[in-house]
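Chemist: heads up, no residue letters with this:
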């Protein structure tokens, strides 16, 4: 835990930097002042791309305006989803958090600019809950994840800082030494900037201590990396520490890289820094003496234990497994000054794309620096996953070459310079690889950028392929669709179809079905097939088709109903089926639905009565119909009859029958009125005269 200064002052001049980052996803440091412009209900869908009424509205708006419309409820820190005009969706997924959800449900773009508050300096909108000191005693930085907090302390307290964008500089924490705390997308860095050889001569710089506290303990791993743990929960992780000087800064216009607290310049000398965690749980750094030697180092000098979040989704690899503390750039190719070869890897979550139809896909990223003044290639591979961040061991396998793209950025010294940063897009077979990954329900996909034209490394040492990319601009762009599925819930004339049975209608019926598609809001075109069932009762692809009613457009998941069929005849049976088309994929046909058109009333009769009972006494009458489609009988002494009984069968009789018991109303002539009702609703009428002698 943090303690007041009890140790001697640390001597001058090293720049010690720790990049600390949360592993969990805390709330942003400051609330946004307004909801996103496309303000729709900010639901909790995780990049599903098409869910709920908002997707329906977005698709309709996109079709009406001809412009894509964001589905805000599908928004996450990394992903945005857009409905396209005419159907389909586009997702844009980043490798670095782009926005933060606020407590009121709105989203704000990440803004790491420091703002002064009651408790210290906070990033305006940050993926991490981070506070820097405003000066004085107490923690220099506090990083909170859920209920756990990690503090970093500087013995002796701090002066008031000067603030520039995302960085707070505490001057002269030691003679000739500044402390720079910088907010990052994954946490923060802290750097001691040793400005002069005189500052570097301080013996205290041979062993530097940082007070670590809060409710975490820091553990050093065998490879020199560090883990901050709250119980068994990892809060932050640091790669093996490194230090660098300012050699070569500004010497080459085409190198265009100067050492800074963010990281080493292209020609900077680097060296490992030994790390330890003492019995008190605090961090001890032991810098390399060579880079504190004025005869061997160019000042200022910087020291960095390089903390970063394990949830980072990009990493670099070097062929000598050296650490590069500057994670503001993703490097590819052979560093023209150090000779170290770099590859960079980007991981994108794709769970929400599982089972989707990938129409097209590409990876794009902004290139900020190139050695060559002319276009040179960079190659995109689908690769094995990232083992650690920000540096991963050399090197995750480059499994499949997916695309290449050529680019250059004109620096000073190039004809027509300077040329600003540009975006390069890798297309090739990215969609094919992504389709396989989503079909296998992978949760993520990783791509490697390499200067090599094959996985063996051909051309990787070619100097003019050396480039730097901005990792915050890396995107996986996917144009996708969910194939419409088999229509369900078929109806003929509003009556539900039953497997193995036939619907009977008195008039030519309308046809309808529900047309599912996982992309709610997708507009589908419906179509039907219609045929007359042969006398054999069986039919197949060779059975002649009739002209079906014309289909129409319907929103995915809704029911669509046609006009009434034409060309049918009473007493005939027919079958229809349906499917849908989202303009990219046609659904499977539905099951067949069979129906009969029957506008003929069924015959009905009553068995003759030989000795009717006198008035007031019960007598049983048997009602019959030869029509097997009769479902009920009606009967009574008045017309039309109002009593009703379900039709049944009787042994030895092929039609339908029922027995009813009732009393004769009077002596003399009585008329029993009867009716048979078939499944189509046709009603056939009959009667029986019952004579009761006085």
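Modeler: Arrived safely, thanks for sending. On a predicted model such as this, the values are computed, not experimentally measured, just so you know.
Chemist: give me the low-pLDDT residue ranges for the stretch 51-200 of the chain?
Modeler: Low-confidence segments of the stretch 51-200 of the chain, defined by pLDDT under 70: 51-52.
Chemist: Tell me which residues of the longest helix along the chain come out buried.
Modeler: With secondary structure taken from DSSP state H, the chain has its longest helix at helix 52-65. Buried residues in helix 52-65, counted by 16 or more other Cβ atoms under 10 Å: 52, 54-56, 58-59, 62-63. The C-beta positions use only the backbone N, C-alpha and C, and glycine is treated the same way.
Chemist: Tabulate those residues (TSV), appending distance to residue 357.
Modeler: Formatted as TSV, those follow (distance: Cβ to Cβ, whole Å):
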residue	distance to residue 357
52	21
54	22
55	17
56	20
58	19
59	16
62	18
63	19
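Chemist: From residue 243, how far out is residue 197?
Modeler: Using Cβ to Cβ, to the nearest Å, one obtains 15 Å as the distance from residue 197 to residue 243.
Chemist: Looking at those two, which one has more neighbours?
Modeler: The residue with the greater number of neighbours, taking residue 197 and residue 243 and applying other Cβ atoms under 10 Å, is residue 243; the counts read 30 against 18.
Chemist: residue contacts, residue 79?
Modeler: Remark: with contacts taken as Cβ atoms under 8 Å, 6 or more residues apart in numbering, residue 79 is in contact with 47, 91-94, 349, 352.
Chemist: Past the helix or strand bottoming out on mean pLDDT in the chain, which element shows up next along the chain?
Modeler: Every helix and strand of the chain was ranked by mean pLDDT, DSSP states H and E. The lowest is strand 307-308, at a mean of 60. From strand 307-308 onward toward the C-terminus, using DSSP states H and E, the following helix or strand is strand 314-318.
Chemist: Could I get the average pLDDT for stretch 370-384?
Modeler: For stretch 370-384, mean pLDDT is 94.
Chemist: buried set for it?
Modeler: 370-373, 376-383.
Chemist: now, the most widely separated pair of these?
Modeler: Of all pairs drawn from the buried residues of stretch 370-384, the one with the largest separation by Cβ to Cβ is 373 and 382; the distance is 30.6 Å.
Chemist: For the next helix or strand after the longest helix of the chain, which outside residues touch it?
Modeler: Elements were assigned by DSSP H and E; along the chain past helix 52-65, the next helix or strand is strand 69-70. Residues external to strand 69-70 that are found in contact with it (Cβ under 8 Å, 6+ apart): 38, 58-59, 61-62, 80-83.
Chemist: what's the angle between the next helix or strand after strand 69-70 and helix 52-65?
Modeler: Per DSSP H and E, strand 69-70 leads on to strand 79-83 as the next helix or strand towards the C-terminus. Taking axes from the mean of the first three to the mean of the last three Cα atoms, to 10 degrees, strand 79-83 and helix 52-65 form an angle of 60 degrees between their directions.
Chemist: Pull up the pairing partners for strand 79-83, direction included.
Modeler: Taking DSSP bridges as the criterion, strand 79-83 forms sheet pairs with strand 69-70 (antiparallel), strand 89-94 (antiparallel).
Chemist: Pick the most deeply packed of those strands.
Modeler: Neighbour counts (mean count of other Cβ atoms under 10 Å) averaged over each of those peak at strand 89-94, with a mean of 23.
Chemist: All the helices of the stretch 51-200 of the chain, residue numbers only.
Modeler: Using DSSP state H, counting those that start in this stretch, the helices assigned to the stretch 51-200 of the chain run over residues 52-65, 197-200.
Chemist: would you turn the ones you listed into JSON lines with distance to residue 495?
Modeler: Supplementary listing: the helices of the stretch 51-200 of the chain in JSON lines, determined by distance: least, Cβ to Cβ, whole Å:
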{"stretch": "helix 52-65", "distance to residue 495": "28"}
{"stretch": "helix 197-200", "distance to residue 495": "90"}
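Chemist: Show me the buried residues of stretch 370-384 that map onto helices.
Modeler: When the buried residues of stretch 370-384 are checked against helices (DSSP H), there are no matches.
Chemist: for the residues you listed, which one is nearest residue 282?
Modeler: Within the buried residues of stretch 370-384, the smallest distance to residue 282 is 38.1 Å, found for residue 383 (Cβ to Cβ).
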